[in-house]
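Colleague: Compute the structure for the input listed below.
(one chain, ligands or ions: 2)
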Amino acid sequence: MEQFMKKVLSQFGIEGDIESIRPIKTGHINQTNVVSVKGHLYTVQTINTYVFPDADGVMENILSVTDHIRKKVVAAGGDPAREVLHFYSTAEGKGNWKDDEGRQWRVYDYIDDCITYDIADDLQILTDAGQAFGNFQKLLADYDGSTLNETIVNFHNTRQRYVNMEAGIERNASGRLQNALPEVAFYRARTATATRLVDQIEQGILPLRVTHNDTKFNNILIDTATKKPLCVIDLDTIMPGLAAYDFGDAIRFCANSAAEDEKDLSKVYFCKDKFEAFAKGFIGGADGFFTEAEVDSMVWGCIIMTLECGCRFLLDYLDGDKYFHTEYDDHNLVRARTQMKLVADMEACFDEMQAIVRKYAN
Ligand code: GN1
Ligand code: MG
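Modeller: Residues are numbered from 1 along each chain as shown. Ligands and ions are numbered 1, 2, ... in the order given. Next up is the predicted model:
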């Protein structure tokens, strides 16, 4: 492992003996290690090529977008070593290197003295995180989205996600459909809702922006000393998208009372106070950046991103756990159920959520 890691690092121009290797287990997709060389910490990751077949495209996007953001951080007098990820390039100028077994590697500086949260309890941190994710869209407002590679085709096309779910039900590749009939019925009953944002893009109601598309609360690094957001990470899915995708996916994750895979559903509920705290930062902090139609789409985004993620967990369960890392047999089904509980809770307080969003938009 150590010898091989050394070889990987040397592809990116980093030489020296490895002092330690520490795995990080937070994400559901890529494999990550923190590696120390001459006292410097590097994040060394293999890109999951089942999820991201076009690793070149992923890294082209990331190198270019981080470059764009770095210039803005410098111009604003910020610290580019801590406020934006710094990726290393190979001798050919690529951000990824393919080994003999076909694994795709990338390396970036590990940002120390910060923390990520899986569950958010501090409302002030939520407001700050909302502002940071909103600001991320602002930083990329002048970035030409048409130059980005589509790293996962139709990633947040919830209409297509539903088509995929139906195909998975039909295939029943894992033979586990019988265990998931109430879940299938729940998601199916919301097919009309699921297509709403896609319809509004096609109707020209909602503008496409450059969005992050995976705004889980643990994709933001919080400075340990100041407790303020430092840097947005996990940039694999930066693509043209809707403001409501980033807002909605963040709420799906951070306004949950419990973990995404909590088995005891009595512990899982939608937290209105957390929703409000995040909305205050994301929408209130954006100072009129979002259009009227975008403001109106935000709560729909929360419900639709939660439905979408839930139906993806359900599909993966039916397919036999091919996409998301799982730790036990029903892990994806458990995840699909927590998302259902959150959707039901949000449906019940839809009007209140709308009123909160409007309050901060004005
Ligand atoms: C995956 O990479 P990670 O763990 O932050 C997934 C997201 C899901 C999320 C659910 C590329 O995110 O879309 O919302 O799991 N990322 C990809 O936890 O599919
Ligand atoms: Mg990710």
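
Colleague: For the longest helix belonging to the chain, what does the pLDDT average out to?
Modeller: For the chain, the helix that runs over the most residues, judged by DSSP state H, is helix 292-319. The average of the pLDDT scores along helix 292-319 is 98.

Colleague: now do stretch 90-108
Modeller: 97.

Colleague: again with stretch 332-344
Modeller: 98.

Colleague: cool, stretch 3-19 as well?
Modeller: Confidence over stretch 3-19, taken as the mean pLDDT, stands at 97.

Colleague: What are the contacting residues of it?
Modeller: Contacts to stretch 3-19, defined as C-beta atoms under 8 Å, 6 or more residues apart in numbering, come from residues 2, 21, 33, 35-39, 42, 44, 88-91, 97, 99, 105, 107. All C-beta spots, glycine's among them, are computed from the backbone N, C-alpha and C.

Colleague: Show me how to select, in ChimeraX, the buried members of those.
Modeller: Buried residues within these, by 16 or more other C-beta atoms under 10 Å, are selected in ChimeraX with:
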select :33,35,36,37,42,44,88,89,90,97,105,107
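
Colleague: Mind checking which of the contacts of stretch 3-19 are in helices?
Modeller: Filtering these for membership in helices, criterion DSSP H, returns residue 2.

Colleague: Narrow the contacts of stretch 3-19 to those in strands?
Modeller: Among those, the members falling in strands are 21, 33, 35, 36, 37, 42, 44, 97, 105, 107 (criterion: DSSP state E).

Colleague: Quick check: residues of the stretch 1-150 of the chain near ligand 2?
Modeller: Taking C-beta under 5 Å from the ion as the contact definition, the stretch 1-150 of the chain meets ligand 2 at residue 29.

Colleague: Those residues of the stretch 1-150 of the chain touching ligand 1, which are they?
Modeller: 27, 28, 29, 51 (C-beta under 6 Å from any ligand atom).

Colleague: Among those residues, find the lowest-pLDDT one for me.
Modeller: Across the set of those, residue 27 stands lowest in pLDDT, at 80.

Colleague: Not counting sequence-adjacent ones, nearest residue to that residue?
Modeller: residue 234 (6.9 Å; C-beta to C-beta, 6 or more residues apart in numbering).

Colleague: pLDDT score for the one you found?
Modeller: The predicted local confidence for residue 234 comes out at a pLDDT of 95.

Colleague: how many other residues sit next to it?
Modeller: 19 (other C-beta atoms under 10 Å).

Colleague: Which secondary structure state does it sit in?
Modeller: When classified by DSSP: H, G, I helix; E, B strand; the rest coil, residue 234 comes out as coil.

Colleague: The ones in strands among the contacts of stretch 3-19: which two are farthest apart?
Modeller: Of all pairs drawn from the ones in strands among the contacts of stretch 3-19, the one with the largest separation by C-beta to C-beta is 36 and 97; the distance is 19.8 Å.

Colleague: quick revisit: want to try JSON lines for the residues of the stretch 1-150 of the chain next to ligand 1, with neighbour count as columns?
Modeller: Listed next are those as JSON lines, based on neighbours: other C-beta atoms under 10 Å:
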{"residue": "27", "neighbour count": "19"}
{"residue": "28", "neighbour count": "18"}
{"residue": "29", "neighbour count": "18"}
{"residue": "51", "neighbour count": "17"}
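
Colleague: I'd like those residues as JSON lines, with distance to residue 224 appended.
Modeller: Conversion of those to JSON lines gives the following (distance: C-beta to C-beta, whole Å):
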{"residue": "27", "distance to residue 224": "20"}
{"residue": "28", "distance to residue 224": "24"}
{"residue": "29", "distance to residue 224": "25"}
{"residue": "51", "distance to residue 224": "30"}
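
Colleague: Can you flag which of those residues belong to strands?
Modeller: Among those, DSSP E puts none in strands.

Colleague: In this structure, what residue lies closest to ligand 1?
Modeller: Using C-beta to the nearest ligand atom, the closest approach of the chain to ligand 1 is made by residue 28 at 3.5 Å.

Colleague: got a list of what that residue touches?
Modeller: 324, 325.

Colleague: Chain neighbours aside, what residue packs nearest to residue 123?
Modeller: Using C-beta to C-beta, 6+ apart and skipping the chain neighbours, the partner closest in space to residue 123 is residue 277 (4.0 Å).

Colleague: Pretty sure that neighbour sits against residue 131.
Modeller: No: Residue 277 lies out of contact with residue 131 (C-beta atoms under 8 Å); the separation is 10.6 Å.

Colleague: so which helix or strand takes in the residue nearest to residue 123?
Modeller: Under the criterion DSSP states H and E, the helix or strand holding residue 277 is helix 272-282.

Colleague: Next, the angle helix 272-282 makes with the longest helix of the chain.
Modeller: For helix 292-319 against helix 272-282, the angle between stretch directions is 120 degrees (axes from the mean of the first three to the mean of the last three C-alpha atoms, to 10 degrees).

Colleague: Can you pull up the most central residue in this protein?
Modeller: Taking C-alpha atoms, centre = their mean as the criterion, residue 214 is the residue nearest the geometric centre of the chain, at 1.6 Å.

Colleague: Tell me who's in contact with the residue lying closest to that residue once chain neighbours are set aside.
Modeller: With C-beta to C-beta, 6+ apart as the measure, residue 237 is the residue that lies nearest to residue 214, at 4.9 Å, once sequence neighbours are left out. Residue 237 is in contact with 151, 152, 155, 212, 213, 214, counting by C-beta under 8 Å, 6+ apart.
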